[in-house]
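Q: A structural model of the following input is requested.
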Amino acid sequence: MPASEKKLGLWTSTSLVVGNMIGAGVFLLPAAMASFGSIGLLGWVFSAIGSFFLAKVFSNMSKLLPHATGGPYAFTRNGLGDFAGFLVAWGYFLATSCANAAITISLISALSTFFPVLGTSSLAAVTAGLCAIWLLTYINTLGVVTSGKLQLITTILKVLPLLLVALGGLFFLQAKNFLPFNSSGKTVYGAISATAAMTMFSFVGIEAATVPAGSVENPEKTVPRATLLGLLIATLVYILGSVSVMGIIPSVQLQHSLTPYADAAVVIYGSNARYWISAGVAIAAFGALNGWTLMQGQMPFATAQDKLFPAVFSRQNKKGVPYVGVLLNSVMVSCFIYMNYNKGMVEQFRFLLLLSLLCMLIPYLLSAASYLIIRAKSNIKDGWLSAILLGIIAFGYALWNIAGSGKEAVYYGFLLLMASVPFYVWVAYKKNSGQ
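A: Numbers count the residues shown, from 1 in each chain. Presented below is the predicted three-dimensional model:
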């Protein structure tokens, strides 16, 4: 097989970005934001603009370091050194494991529409979740191209129902449903800030194409294009979908909807549409779980190659897959799934999800901070004014996101990151001693 056929191309890389960004949660956001009024649409716009600057930073750095596998980890390590890079890798791995558990729970919830037993039996729900996790674990050990093809298929299948509602709904809009513009009781700025904080997590995953850069064909061209193209596709789906749902369903009704996209689809296409929207939610969760599982092998692999993680994470199977990180991730996700369906451990699982919020945002902040440093190391002479503005805006947006995650997430997330310091000291000692 030619080398180019063993790597991810533009569309599979783009599907990795879109697929990781668009999870099952987006199907519920219109209902969560309904109490704010149509001003919530500005929250989407604000998040999209901020995410563009972060995406631009990732795109530019993938040109400066085209073969740097690990994305945010590689960028941070090259800019700020080993310790900062280690913190990013550690936090990202733990956060993604928690996120994968949440995605699996969303998948089970969506499947309960077709298999009601999943909503009434904890044993059935856990069994279904474990089957999904380990099926995708197996698929991801078959090679990056195999998991990339699955990602492309699931991305198309998940975006299709969203687009059908987003575009079809434009013909059913009622202007009165967009009023009042701001029903939150907050100032315009306060309402936009609140809704932007709610939507910002829908843009987590913009870095997805940068993480497996070593497995991407012509990464200096493909990764930047995939990153920006993926952001554009996701943004259009998010905003058009929200406009259609909010314009079809009155806000008073929308606030109490458990299936806003399905409710809108019923108005547009009839009662049977509820089932293919539920299928879309399940596919969205399945595709996102596949994409993030792929990430869980690539970042520990890059970190281990730099001798900042145990060497076992750098092992590859016959297909060239760094399987140890994938397997460990799946074990952790399986444990988290059990915690969620064990009544005595539900709160602990929710606490872990809270911690994961900060750990997903720290890589963005440190990557933005590294941008100008890496640019200076590359001896680039021109374009510094625009680069400085880009770096400052991206850093400021990431910092604002961290502040918006709440005091509790920041406090305990910081403690979680600091808990890794003894481990880093041990790894650094072994590295410096040549062991």
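Q: thought residue 229 was touching residue 16?
A: No - with contacts counted by Cβ atoms under 8 Å, residue 229 stays clear of residue 16, the gap being 11.3 Å. C-beta here means a position set from N, CA and C on the backbone, and glycine is covered the same way.
Q: show me which of those two is the more surrounded one.
A: residue 16 (33 against 18; other Cβ atoms under 10 Å).
Q: could you check how far the residue nearest to that one when sequence neighbours are not counted is from residue 37?
A: Residue nearest to residue 16 in three dimensions, not counting chain neighbours: residue 208, with 4.6 Å by Cβ to Cβ, 6 or more residues apart in numbering. Distance, residue 208 to residue 37, by Cβ to Cβ, to the nearest Å: 32 Å.
Q: so between those two, which is more surrounded?
A: Taking neighbours as other Cβ under 10 Å, residue 208 and residue 37 compare with residue 208 leading, 29 against 19.
Q: and that one, backbone torsions?
A: Note on residue 208: backbone dihedrals following degrees, to the nearest 10 are phi -60, psi -40.
Q: how close does it get to residue 21?
A: From residue 208 to residue 21 the distance is 8 Å (Cβ to Cβ).
Q: overlap in contacts, these two.
A: residue 230 (Cβ atoms under 8 Å, 6 or more residues apart in numbering).
Q: kindly provide the distance from residue 111 to residue 281.
A: 9 Å.
Q: neighbour count: these two, which is higher?
A: Neighbours per residue (other Cβ under 10 Å) separate residue 111 from residue 281, with residue 281 holding more: 28 against 23.
Q: regarding the more buried one, what is its secondary structure?
A: What DSSP: H, G, I helix; E, B strand; the rest coil gives for residue 281 is helix.
Q: the closest residue to it other than its chain neighbours and residue 390: what is the separation?
A: Once flanking residues are discounted, residue 281 sits nearest to residue 110: 3.9 Å by Cβ to Cβ, 6+ apart. Distance, residue 110 to residue 390, using Cβ to Cβ: 38 Å.
Q: the two - which one has more neighbours?
A: Shown here are residue 110 and residue 390; by other Cβ under 10 Å, residue 110 has more neighbours (23 against 20).
Q: for the more buried one, what are its contacts?
A: Shown in contact with residue 110 (Cβ under 8 Å, 6+ apart): 24, 278-279, 281-282, 285.
Q: swap in residue 117?
A: residue 124.
Q: low-confidence stretches in the stretch 301-435 of the chain?
A: By pLDDT under 70, the weakly predicted segments of the stretch 301-435 of the chain are 343-355, 434-435.
Q: list phi and psi for residue 8.
A: phi -80, psi 130.
Q: residue 216 now?
A: phi -110, psi 140.
Q: count the neighbours of it for me.
A: Residues lying near residue 216 (other Cβ under 10 Å) number 28.
Q: pairing partners for it in the sheet, please.
A: residue 8 (DSSP bridges).
Q: quick check: pLDDT value at it.
A: We have a pLDDT of 90 for residue 216.
Q: and it, how far is that from residue 410?
A: 34 Å.
Q: same deal with residue 419?
A: Per Cβ to Cβ, residue 419 is found 15 Å from residue 410.
Q: what sits against residue 184?
A: 35-37, 39, 190-191, 194.
Q: which one (most neighbours) among these?
A: Neighbour tally across those (other Cβ under 10 Å): the maximum, 26 neighbours, falls on residue 36.
Q: picking up where we left off before, restricted to helices, list the contacts of residue 184.
A: Residues of the contacts of residue 184 located in helices (DSSP state H): 190-191, 194.
Q: what about the helices in the stretch 251-400 of the chain?
A: Taking DSSP state H, counting those that start in this stretch as the test, the helices found in the stretch 251-400 of the chain are 251-254, 260-269, 273-305, 323-340, 346-377, 384-404.
Q: nearest to residue 89, of those?
A: Closest to residue 89 of these is helix 273-305 (Cβ to Cβ; 4.2 Å).
Q: show me what counts as buried in that closest one.
A: 273-274, 276-305 (16 or more other Cβ atoms under 10 Å).
Q: can you check stretch 259-271 too?
A: Neighbour-count burial for stretch 259-271, with 16+ other Cβ under 10 Å as criterion, is recorded at 259-268.
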